[in-house]
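*Asks:* how does the following fold in three dimensions:
(chains A and B)
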Amino acid sequence: MKTYTYTEKKDTRSGFGAGLTELGRNNPNVVALCADLIGSLKMNQFIDENPERFFQIGIAEANMMGIAAGLTIGGKIPFTGTFANFSTGRVYDQIRQSIAYSGKNVKICASHAGLTLGEDGATHQILEDIGLMKMLPGMVVINPCDYNQTKAATIAIADYIGPVYLRFGRPSVPIFTPENQKFEIGKAIQLTAGTDVTIIATGHMVWEALEASKVLDAQGISAEVINIHTIKPLDASAILKSVAKTGCVVSAEEHNYYGGLGESIARVLALNAPAPQEFVATNDTFGESGTPAQLMKKYGLDSDAIVSKVLKVIARK
Amino acid sequence: MTNTELNDLITQVRRDILRMVHKVNSGHPGGSLGCTEFIALLYSKIMHRKEGFDMHGLNEDLFFLSNGHISPVIYSVLARSGYFPVEELNTFRLLDSRLQGHPTTHEGLPGIRIASGSLGQGMSVAIGAAQAKKLNKDKSIVYSLHGDGELQEGQNWEAILYAAAKKVDNLIATIDLNGKQIDGSTDDVLYMGDLKAKFEAFDWIVIEIDKGNDVNAILKGMAAAKKASGKGKPVCVLLKTMMGNGVDFMMHTHAWHGKAPNDEQLASALKQNPETLGDY
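*Replies:* Got it, this is the predicted structure:
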């Protein structure tokens, strides 16, 4: 089995910051907006290098989404930055009408997604954002897994014309994808080859899936781990190809069951090749305060949880 | 454009509005009629516009309609200004039409740059477009129109605060002060106090047009607004209009906010506004 190691951990939001900095140097149409969270979004360097292309909106996310839509008229490519909660639920109608329905080329960049925001608690830990965004017609939804992939995704979405939701987070997580790996929107990445179960993970859960696959391998279970960084459009053919081989699937995401990646996968299977599926996701609940590791354990979003769901799904085959 | 031609345009736009909403027995004639002179003048006399339509609108003035429910008036004026064939007004609110109930870019209607209808979003969009113009070294002006009741939406006040703080002085935002909204007068529904004082307190330049259905008053006020632009502050025009203007039974009431005339009422309304440029 192919194994993955790492020498460094970093937060995915720093990957966003690095990608934005690179865009600032290479694409004169890229502009950035922030609602009073420059440090949290790691936008400082872009701002230092391109002060005229940065818009500090203040604590007014609805206004930020509208201004971003307006900036596209005139050819700019706006990247908005705030926490995932304030990037989606707080401004849903602004995104729906002024960005999605209007077909505007806005990149909604959302940090501190999910439970791993940690101690701030449930008011800030959105677990519904993937669902909210994937429901919008035409919206691309991306949740990269580590620093390198977040950087690559940030750069790639500038070349895609249309609205994009880019979701990333706060905690330091292992960097295990290659530096400068080309990011292809909508293209799943098979990380390990396996025959007994397919584990399809997104965001922070991809590393947990790899950790789980090592434990499973020691038990004689061969897991095929797929990194789905793009939840919409979903790489249905990669999913179906893998499940045709393994006969079952576990989905893993830092998000509610309802509206998440798992449901999108279930739809693909139901329409094409029904197979047993188990979900690693939060169970229709809000989060709470705690350290990221404590929260991921308590809410069943770690490698242990993936292992137990794998055993369960294999028994259902 | 001569005064006669202008008056002909305004009368024809009124006819278009009335016929459009009557045909589908839905739509918003009251606010549309109240803003007919303003929108017709914007496109015929006030804005600097290029031939044809492209989304980015570089080096031309732009207009954003935030109170999208008065779509009949913008559709009619756009068609009469050459953005699309006037015959297309016949498809208003019908299946497969580009003339949706509320304006949208979704079907690619020339002249529309943003969807509006869900209220309170247009000022932010206009600010973004104005800031894009500044980045592009484009000296043109961005115009926008908002309902007075629409100012009850909080996003406006985020935008009003921002535009002054960031010196968005290439924006002229007009408020349609007709004093009415769906549930009654704006004073009864949610009293907003002195809007001039409010905008000035937010550090905007305010121009008042007391006769918002009078061609000369509008031209004079908008010339003053244009002169006030480019001086470090956003400009607000408080345009006092008469909802339902030009149709006697639609004036002095909010009843025609979102209601279409029946056959008899249409005949009476059209009689008051005889055909000038040719019906679609």
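*Asks:* how about the contacts made by residue 86?
*Replies:* By default, I'm working from chain A. For A:F86, the contacting residues are A:A35, A:E61, by C-beta atoms under 8 Å, 6 or more residues apart in numbering or on different chains. Yep, even glycine has a C-beta here, placed from its N, CA and C like the rest.
*Asks:* wrong one, chain B
*Replies:* Residues in contact with B:V86 (C-beta under 8 Å, 6+ apart) are B:D16, B:A79, B:R80, B:G278, B:Y280.
*Asks:* let me know the closest of those residues to A:L37.
*Replies:* A:L37 has its nearest neighbour among the contacts of B:V86 in B:A79, at 44.6 Å by C-beta to C-beta.
*Asks:* how about the residue lying closest to A:T88 once chain neighbours are set aside, what does it touch?
*Replies:* Sequence neighbours aside, A:D129 is the residue nearest to A:T88 in space, at 4.2 Å (criterion: C-beta to C-beta, 6 or more residues apart in numbering or on different chains). Neighbour list for A:D129: A:A84, A:N85, A:S87, A:T88, A:G89, A:A110, A:A113, A:Y165, A:R167, A:H255 [criterion: C-beta under 8 Å, 6+ apart].
*Asks:* follow-up on the earlier one: please pick the buried ones from the contacts of B:V86.
*Replies:* Among the contacts of B:V86, those scoring as buried are B:D16, B:A79, B:R80, B:Y280 (criterion: 16 or more other C-beta atoms under 10 Å in any protein chain shown).
*Asks:* looking at those residues, which gets the smallest pLDDT?
*Replies:* Across these, no position has a lower pLDDT than B:Y280, which has 95.
*Asks:* give me every residue in the stretch 1-150 of chain B lying close to chain A.
*Replies:* B:55-58, B:62, B:64, B:104-106, B:113-118, B:120-133, B:135-136, B:138 (C-beta under 8 Å from any C-beta of the partner chain).
*Asks:* thinking again about what came up before, farthest-separated two in the contacts of B:V86?
*Replies:* By the measure C-beta to C-beta, B:A79 and B:G278 form the most distant pair in the contacts of B:V86, at 11.7 Å.
*Asks:* can you pull out the helices in chain A?
*Replies:* When assigned using DSSP state H, the helices of chain A occupy the ranges A:12-26, A:38-41, A:44-49, A:61-72, A:84-87, A:92-94, A:129-134, A:147-159, A:205-218, A:236-246, A:261-272, A:292-298, A:303-315.
*Asks:* just the residues of the stretch 1-150 of chain B next to chain A: which are in helices?
*Replies:* Among the residues of the stretch 1-150 of chain B next to chain A, DSSP H puts B:122-133, B:135 in helices.
*Asks:* any idea how far A:R167 is from the residue nearest to A:T88?
*Replies:* Between A:D129 and A:R167 the computed distance is 6 Å (C-beta to C-beta, to the nearest Å).
*Asks:* could you dump the contacts of B:V86 to JSON lines with distance to A:A223 and secondary structure?
*Replies:* Converted to JSON lines, those look like this (distance: C-beta to C-beta, whole Å; DSSP: H, G, I helix; E, B strand; the rest coil):
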{"residue": "B:D16", "distance to A:A223": "65", "secondary structure": "helix"}
{"residue": "B:A79", "distance to A:A223": "61", "secondary structure": "helix"}
{"residue": "B:R80", "distance to A:A223": "66", "secondary structure": "helix"}
{"residue": "B:G278", "distance to A:A223": "72", "secondary structure": "coil"}
{"residue": "B:Y280", "distance to A:A223": "65", "secondary structure": "coil"}
